[in-house]
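> no FASTA, just this:
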């Protein structure tokens, strides 16, 4: 049972950077931005995707709901965020990959070679696919059981 691992878990969090930086945590399942923050502060940290099972790949995106009340404002915001300078500033603030070609031209070699932002991707990796409602219910039930133990 997954809950049997709780004795070895420091805590469940989506922001493990502080524990990684301090050395309180020696391993973490972490989003690339959290790993990037930790790696910038602690040279002993590395970001890897396992060769055996690859990893779960994802991509962030901007989306405007078809029934949005202010589609124009949303488009203006997206255009602002995609401006090369603004996009680069976002990467400076939150170290994660940046698909904006104009912004990438402004980035340092160090940013472009950040292993957390641009990891070696094993062939066995798969892109994350939204679960069905039934799968979501099962995931939530299991997660609540694990956390309750």
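Done, it's in. For clarity, every value in this text was computed on a predicted model and none was experimentally measured.
> Could you list the paired strands of the lowest-mean-pLDDT helix or strand in the chain along with their orientation?
For the chain, the helix or strand with the lowest mean confidence is strand 56-57, at a mean of 74 (criterion: mean pLDDT, DSSP states H and E). Partner strands and pairing direction for strand 56-57 (DSSP bridges) are strand 126-127 (parallel).
> could you give me the average pLDDT of the strand it pairs with?
Confidence for strand 126-127, expressed as mean pLDDT, is 80.
> Contacts made by it with the rest, please.
Outside of strand 126-127, the residues that reach it under the criterion C-beta atoms under 8 Å, 6 or more residues apart in numbering are 54, 56, 57, 58, 59. (Glycine included, C-beta is placed from N, CA and C.)
> Give the residue spans of this structure that score low on pLDDT.
For the chain, residues meeting the criterion pLDDT under 70 lie at 1-2.
> Report the central residue of it.
With the centre of the chain defined as its mean C-alpha position, the nearest residue by C-alpha atoms, centre = their mean is residue 31, 3.1 Å away.
> Distance check, the closest residue to residue 49 other than its chain neighbours against residue 134.
Residue nearest to residue 49 in three dimensions, not counting chain neighbours: residue 55, with 3.5 Å by C-beta to C-beta, 6 or more residues apart in numbering. Distance check for residue 55 against residue 134: by C-beta to C-beta, to the nearest Å, it reads 24 Å.
> Pick out whichever of these two has more residues nearby.
Set side by side, residue 55 and residue 134 show unequal neighbour counts under other C-beta atoms under 10 Å, the larger going to residue 55 at 18 against 8.
> need the contact list for the more buried one.
Counted by C-beta under 8 Å, 6+ apart, residue 55 has contacts 49, 121, 122, 125.
> Now the closest residue to the last one other than its chain neighbours: which helix or strand?
Spatially, and ignoring its direct neighbours in sequence, residue 125 is nearest to residue 54 (3.1 Å; C-beta to C-beta, 6+ apart). Taking DSSP states H and E as the definition, residue 54 sits outside all helices and strands.
> For the chain, which helix extends over the most residues?
Among the segments of the chain that qualify as a helix by DSSP state H, the longest is helix 133-148.
> which stretches of this structure form helices?
Here the chain has its helices, by DSSP H, at 17-22, 32-41, 71-82, 84-93, 101-104, 109-112, 133-148.
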